[in-house]
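Peer 1: The following comprises the amino acid sequence and a computationally predicted model.
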Amino acid sequence: MTRTLKALLVAIVAGGTAAGAQAPVQELAFDTNADLLRTPPDVYVGEVGGVGANSKGQIFVYTRTGHPYATLGDNRTFYRGGSRLFQFDPSGKFVRELGQDVYGFNAAIGLRIDPQDHVWTIDAGANQVVKFDTEGRVALVLGRKPETMGVRPPMPRPGGGPGPGGPGAGPGGPGGAPANRRPGEGIPGSSFNRPTDVAWDAAGNIYVADGIGTNNRVAKFDKDGRFIRHWGATGTEPGQFQGVKGLAVDAQGNVYVADSGNKRIQVFDADGNFKSQFGGVGTPLAMCMTRGATQYLYVSHAGDTDGMEDAAIYKVRLDGTVVGKFGSAGKLPKEFGLANSIDCRNENELLIGEMTNWRVQRVTLKGAPAAR
Amino acid sequence: MKRTTLFSLAVLALAGAISVTVLPLSAQTRAKATNVPVIPHEAVPNFFKNPPGIYTGENMGIATNSKGNVFIYHRANETRLFEYTPAGQFVREIGRNNYGFAFAHSVRVDAQDNIWAVDEGTDMLIKFSPEGRVLMVIGRREDPVNQLLNMPGSGTFHGRNEKYRFGRQTDVAFDQQGNIFVSDGYFDARVVKYDKNGRFIKAVGKRGNGSLEFNTPHSIATDFQGNVYVGDRGNARVQVLDNDLNWKANYDQVGNPWAVCVSGGPGPKNPGKQYLFSSNSWQDSAPAAGAEFTGEVYKMELDGTIVGKFGRAGKASGEFATIHQMDCRDPNVIYTAEINNWRSQKILLKPLTTTSAQEVQ
């Protein structure tokens, strides 16, 4: 109760400084192409976990399609299938598939393209982040897919039900955690539990948002995937999270974390020290930071679980000032059904990947921002 | 004493609910209607022709478009959707390995010839353009990681009545304005109305046997006036609702309606007289006794007056081995999708004669 109140206060205070005295948020004019991706007759894009464009405008889509299977007649029941990685040309025409039949494409939840045009997939079923080089070869794998999935309901524990991320954290993860760990702190290393996003700083260090399972942390690795540090725990205080949904690193190396359950963006330095936070952007589902001289954040807000009641995409300055917003919830063009991924390589031409509408919209924001 | 009686009643009710939940296929009763004229019918032999290496499994759904092409939604090794020419030749597959196909239940074609697949495995409706591209989806497949908590998958009735999530929904229909009606389903007991853009308008129904209560609403159809016909299978009746989902009537003489359809097509509205067809389907071959009093299809006026019936349970040509969906765009040409013989049939109805009316019933 007190905790909730505190969170509310934090949100209100943060929102107050960001958006002023509840001034109405400016609606940004925009157009969209909601029929962008053209696939061959036997290829279907499903829920779009992640979308990104490389420096040549090639579009990569990591999508939940096909079927997630559990094997039977195996000493363990393991998880296979359920997601695929497709490449499209800048006009949206299908080019090829990457990562066919790899071990860890199960529940797509994110995709990012790094400055060297490598494609990174984030999977909440396999609990992995996988880097593909420009030839489509696997270059780096972070996290390990659990060898087996809990296919029976966990035994109820006295005084409380099973944790929400139970199965994903099953056997296969490292054990021997010290007893004094805070809830959600995670095990040092790449023991992800439903990770959601990845970002890099100028030196190529890797930050992983971990995530929407039982871990509420950010994990940092060097460019070769060696663990450096992590921070965060479950909670509402600064430096704590309730569902880490997105990550971005600005030109100065500050780390922006979309803390979905607390309805805020938290800002940390490169070592994970808390710097500031702001609200006023709804319940963040996805985030993207532009790369120009003046950087902006686009934050997708999803106020309901079906993408039909309450949605918008906010444009925000890095200090949390809301520039404006666009879009609403629904299934028509210019509406968004759980916008789970934003690509903002071009500041005024975004790619928005949706979960419940099985599509990518290319959004063109009309008119330059009023002030820089 | 009174308390004990109440308790016993509660236990009985619970037991009833459980038996229905565990054995959803147990719906199987003799129709109340008697002295029903028999409509002569014949099946076109081996009408649907697949190329070598292409098989259908349990044929759950069948529908025609305005050009007479036929779509069959079936459970093979994976759930698949096939298209056939009006002559029954295989044309192509639609939706292969898309995220919404897991366990077929029905398929319908709307007035614009879009194809709607109803999948009770993923709790989803998938709307395909005539070319086979996904135009809209309603409902959402459970997140596969969340789903692990519920495995091995023996879900039960929940009656959650959520705007945009289904509980093993069973069928879909459209009115002349393009509004969407969903019968939902095994784990819920309601009819849901959406506008043509998939936005929720209204839901009615809960589990039970009163008016606007359902026991597995299994099939749904509309007429040109926008009335809604719900195959309330477990309650052995067709419930008729108006366009705002108010209760209008029950037609309870025709057994357990596994499949209902209204002739004339989804639209646009045409001057042809419309009929309601309802199948009192044969559950399956075990127990065998059910074959003696199920399997027939009734033809009715829209007001429920029975015109006649045709067919009986069985696996021979022209017999019906668990009709799961029917298409009756043309009231004299009925397509039947059948579970237990892995087939669909094209059935031609002949004019009703006095002789045929005297046949064994």
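Peer 2: Yep, it's here. What you see is a predicted model; the values in this text were computed from it and never measured.

Peer 1: Now residue B:82: which helix or strand?
Peer 2: Per DSSP states H and E: residue B:82 is located in strand B:79-84.

Peer 1: outside of that strand, which residues touch it?
Peer 2: Outside of strand B:79-84, the residues that reach it under the criterion Cβ atoms under 8 Å, 6 or more residues apart in numbering or on different chains are B:48-50, B:54, B:56, B:69-74, B:90-96, B:101-104, B:107, B:115, B:117, B:119, B:121, B:128. From N, CA and C alone the C-beta is placed, and that goes for glycine too.

Peer 1: May I have that strand exported as CSV, CA atoms only?
Peer 2: Extracted in CSV, the C-alpha atoms of strand B:79-84 (Å, rounded to 0.1, in the frame of the first residue of the first chain):
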residue,chain,number,x,y,z
THR,B,79,-4.1,-27.4,-38.9
ARG,B,80,-4.4,-26.2,-42.5
LEU,B,81,-6.7,-24.3,-44.8
PHE,B,82,-7.2,-25.5,-48.4
GLU,B,83,-9.0,-23.9,-51.3
TYR,B,84,-10.8,-25.8,-54.0
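
Peer 1: and that strand, average pLDDT?
Peer 2: Model confidence over strand B:79-84 averages 98 on the pLDDT scale.

Peer 1: dump the residue contacts of residue 139.
Peer 2: Because you didn't say which chain, this covers chain A. Going by Cβ under 8 Å, 6+ apart, residue A:139 touches A:118, A:131, A:132, A:133.

Peer 1: hmm, I had chain B in mind actually
Peer 2: B:122, B:123, B:124, B:125, B:164, B:165, B:166, B:169.

Peer 1: Can you get me a residue count around residue B:88?
Peer 2: 15 (other Cβ atoms under 10 Å in any protein chain shown).

Peer 1: Quick check: mean pLDDT of stretch B:201-211?
Peer 2: Predicted confidence along stretch B:201-211 averages 97 (mean pLDDT).

Peer 1: now do stretch B:282-293
Peer 2: Along stretch B:282-293, the predicted confidence averages to a pLDDT of 82.

Peer 1: mind listing what's buried in it?
Peer 2: Under the neighbour-count criterion of 16 or more other Cβ atoms under 10 Å in any protein chain shown, stretch B:282-293 has B:282, B:283, B:284, B:290, B:291, B:293 buried.

Peer 1: Show me the helices in the chain, by range?
Peer 2: Going with chain A. When secondary structure is read from DSSP state H, chain A shows helices at A:2-19.

Peer 1: looking at chain B here, not the other one
Peer 2: If you assign secondary structure with DSSP H, the helices in chain B sit at B:2-22, B:144-147, B:354-357.

Peer 1: Give me every residue in the stretch 201-350 of chain A that's in contact range of chain B.
Peer 2: Contact residues (Cβ under 8 Å from any Cβ of the partner chain) of the stretch 201-350 of chain A with chain B: A:306, A:308, A:330, A:331, A:332.

Peer 1: Now list the buried members of these.
Peer 2: Of the members of those, the ones counted as buried by neighbours, 16+ other Cβ under 10 Å, are A:306, A:308, A:330, A:331.

Peer 1: follow-up on the earlier one: state the pair within the contacts of residue A:139 that is farthest apart.
Peer 2: A:131 and A:133 (7.4 Å; Cβ to Cβ).

Peer 1: What is the burial count for the closest residue to chain A within the stretch 1-150 of chain B?
Peer 2: With Cβ to the nearest Cβ as the measure, residue B:99 is the residue of the stretch 1-150 of chain B nearest to chain A, at 2.9 Å. If you count neighbours by other Cβ under 10 Å, residue B:99 ends up with 27.

Peer 1: Could you do the one 5 residues further on as well?
Peer 2: Residue B:104 has 28 neighbours, counted by other Cβ under 10 Å.

Peer 1: so who does it touch?
Peer 2: Contact partners of residue B:104, counting by Cβ under 8 Å, 6+ apart, are B:58, B:60-61, B:73-75, B:79-81, B:117-121.

Peer 1: ditto for residue A:331
Peer 2: With contact set as Cβ under 8 Å, 6+ apart, residue A:331 has these partners: A:308, A:337, A:356, A:357, B:136, B:197, B:198, B:199.
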